[in-house]
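**Student:** Following is a predicted model, sequence given first.
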Amino acid sequence: MKSNIGHLESAAGVAGIIKVLYQMYNEKIVPTLNSKTPNSYINFDDSPFYLSQEQIAWNKSDIKNRIAMISSFCAGGANANAIIEEFKINEISDKIPYKLFIILISGHSIGALQRNIDALRIWLKGKNEIDLYSITYTLSVCREHYKYRRFFIVENKEQLINKLSENLFNFTIPEYYEMEQQQDFQLESIELQLLNFNDLLKLYKRLGKLYLDCHEFDWSKIYSVRKISDLPPYEFDDYIHWIDQPKYGLADKDKYYHHHIVNNKKLLPAAYTLSLAQKTTQAQELLNICWLKPLVNNIEHYEFINTKNNFVISDTNKNEYCSGSVGLSNIEQYNLKLHKISTELQDISIIEKDEIYKKLAENGYAYGDKYRKLQWIKYNNDCALGAIYCNPSEIFNIDQSIIDSGL
């Protein structure tokens, strides 16, 4: 590693491990730098060793895995060696006799749960063939189970994708809570029933109810074979911690221009002015919004003028770009009854995040990462429902990226 990036002190060993793992992953051996002239005291011709002068394929036999040794020496004489052998999952040729599968998903928060569901759905859509058994085993046995949970009972990939496309608010449908009359069952009785797979649906519903109630259960008892799948990692909430309370104004506008490009022009989004007006006036309601001109980045200075119940954004030449008024009405009247909308949304189509922003780019709207908050849109001929991701600090500050995604 020294010839690649110099002396690494205490990080030399782990850097060598990372280098070896990347070579195993890519099945390539990278060239050894500064070795055009080998040491004359080493007889490479009569030994099984050689120095790679160029990138070569790292071939292996059908029986043995690739093996590498990492050595790390220090100036004081310490010496550490590690031998690493690649890991390959032994594929099980025999078909595992399961016709029904219970899929478990959880998250630290409702938002994380929804993003885990979305990530699994997108991953499934990108796979031609999947092994539902290994997916079920991995999610049940190999993953941590957090506070916010959901489960699905499916027979095939198509059913699972459809279940993952349902709205999170719809999870109270009777299908998942159709339990027997006797409700005081114990975990021990469930484990005894695992010996009898005559009615997997009833058993999975019972296990699912225990799972939703956050009961601890040894899921490995269900599965006779250990089989792991390479699934998307868990999503977590992002937190931004401000040291000082930011001053609201247009002084920070420059950092937003390159995230919002319309027809090859850098513009401040309309949502920026709405967010600025709300933060500055602490208004619960913005009225009579009028955008007269786009806010472009070739104007040196903008001013936000706040009078009693009105605001104006203008430049130093008094050219107005946006104006409006503020109100203090009860925001409850604008409750959109999200639960009602989501439960009534039938015969839906779904557009994933990458497709949304690809279509926007094709129409001249180039969004940077800051404004890519829309995760998916479910729609039919009558209405549409979307999911906007935001970190907790943005919820209370009403960040312009949230407003822009909604618009």
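**Tutor:** The structure has been received and is ready for your questions.
**Student:** alpha carbons only for contacts and neighbour counts from here, please
**Tutor:** Fine.
**Student:** which element is Arg150 on?
**Tutor:** Using DSSP states H and E, Arg150 maps to strand 148-154.
**Student:** immediately after that strand, which helix or strand?
**Tutor:** helix 157-164.
**Student:** State the mean pLDDT of stretch 227-242.
**Tutor:** Mean pLDDT, stretch 227-242: 79.
**Student:** How far off centre is stretch 39-47?
**Tutor:** Centroid displacement of stretch 39-47 relative to its chain, using CA atoms, centre = their mean, to the nearest Å, is 51 Å.
**Student:** who touches it?
**Tutor:** Stretch 39-47 has contacts (CA atoms under 8 Å, 6 or more residues apart in numbering) with Tyr50.
**Student:** re the thing from before, quick one: mean pLDDT over the strand holding Arg150.
**Tutor:** Taken as a whole, strand 148-154 has an average pLDDT of 91.
**Student:** Start the count at 557 instead of 1 going forward.
**Tutor:** New numbering, starting at 557: the last item is strand 704-710.
**Student:** helices or strands next to it in the packing?
**Tutor:** Contact analysis of strand 704-710 by 3 or more CA pairs under 8 Å, 6 or more residues apart in numbering; DSSP states H and E lists strand 657-663, helix 666-681, helix 713-720, helix 756-768 as its packing neighbours.
**Student:** That strand pairs with which strands, and in what direction?
**Tutor:** Take DSSP bridges as the rule and strand 704-710 pairs in its sheet with strand 657-663 (antiparallel).
**Student:** coming back round to it: pull the CA atoms of the strand holding Arg706 into CSV?
**Tutor:** The C-alpha trace of strand 704-710 is given here as CSV (Å, rounded to 0.1, in the frame of the first residue of the first chain):
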residue,chain,number,x,y,z
TYR,A,704,-42.1,0.4,13.9
ARG,A,705,-43.0,-2.8,12.1
ARG,A,706,-45.0,-4.3,9.2
PHE,A,707,-45.4,-7.8,7.8
PHE,A,708,-46.6,-9.3,4.5
ILE,A,709,-47.8,-12.8,3.7
VAL,A,710,-47.1,-13.6,0.0
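**Student:** give me the number of residues near Ile585?
**Tutor:** 19 (other CA atoms under 10 Å).
**Student:** What of Ala668?
**Tutor:** Using other CA under 10 Å, Ala668 has 19 neighbouring residues.
**Student:** Hmm, it is touching Asp794, no?
**Tutor:** No. Here Ala668 lies out of contact with Asp794, judged by CA atoms under 8 Å, at a distance of 9.7 Å.
**Student:** Next, the distance between the ends of stretch 880-900.
**Tutor:** Start-to-end span of stretch 880-900 (CA to CA, to the nearest Å) is 35 Å.
**Student:** Spatially central residue in the chain, please.
**Tutor:** Closest to where the C-alpha atoms of the chain average out (CA atoms, centre = their mean) is Glu791, at 5.0 Å.
**Student:** and the helix or strand hosting Ile907, what other elements does it pack with?
**Tutor:** Ile907 is located in strand 905-908, with elements delineated by DSSP H and E. Applying 3+ CA pairs under 8 Å, 6+ apart, we find strand 905-908 packed against strand 930-935.
**Student:** Adjacent strands (with direction) for the strand it packs on?
**Tutor:** strand 905-908 (antiparallel), strand 940-944 (antiparallel).
**Student:** Which of those has the lowest mean pLDDT?
**Tutor:** Here the lowest mean pLDDT among the strands paired with strand 930-935 goes to strand 940-944, at a mean of 84.
**Student:** So which bits of that strand are buried?
**Tutor:** Of all the residues in strand 940-944, those buried under the rule 16 or more other CA atoms under 10 Å are 941-944.
**Student:** Same check on stretch 820-839?
**Tutor:** By 16+ other CA under 10 Å, the buried positions in stretch 820-839 come out as 822-835, 837.
**Student:** again, but for stretch 660-680
**Tutor:** Of the residues in stretch 660-680, 660-665, 667-678, 680 count as buried by neighbour count, 16+ other CA under 10 Å.
**Student:** Just the C-alphas of stretch 782-798, formatted as PDB.
**Tutor:** Extracted C-alpha coordinates of stretch 782-798, given in PDB (Å, rounded to 0.1, in the frame of the first residue of the first chain):
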ATOM      1  CA  ARG A 782     -29.900 -21.200   6.500                       C
ATOM      2  CA  LYS A 783     -29.900 -19.200   3.300                       C
ATOM      3  CA  ILE A 784     -29.000 -15.500   3.100                       C
ATOM      4  CA  SER A 785     -29.900 -12.900   0.500                       C
ATOM      5  CA  ASP A 786     -28.000  -9.700  -0.300                       C
ATOM      6  CA  LEU A 787     -30.800  -7.200   0.400                       C
ATOM      7  CA  PRO A 788     -30.800  -3.400   0.600                       C
ATOM      8  CA  PRO A 789     -29.400  -2.000   3.900                       C
ATOM      9  CA  TYR A 790     -31.700  -0.500   6.500                       C
ATOM     10  CA  GLU A 791     -32.500   3.200   6.200                       C
ATOM     11  CA  PHE A 792     -32.100   5.500   9.100                       C
ATOM     12  CA  ASP A 793     -33.200   9.000   9.900                       C
ATOM     13  CA  ASP A 794     -30.800  11.900   9.100                       C
ATOM     14  CA  TYR A 795     -30.500  14.600  11.700                       C
ATOM     15  CA  ILE A 796     -29.000  18.000  11.200                       C
ATOM     16  CA  HIS A 797     -28.000  19.800  14.400                       C
ATOM     17  CA  TRP A 798     -27.600  23.600  14.000                       C
END
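**Student:** and it, how far from the chain's centre?
**Tutor:** Between the centre of stretch 782-798 and the centre of its chain there are 7 Å (CA atoms, centre = their mean).
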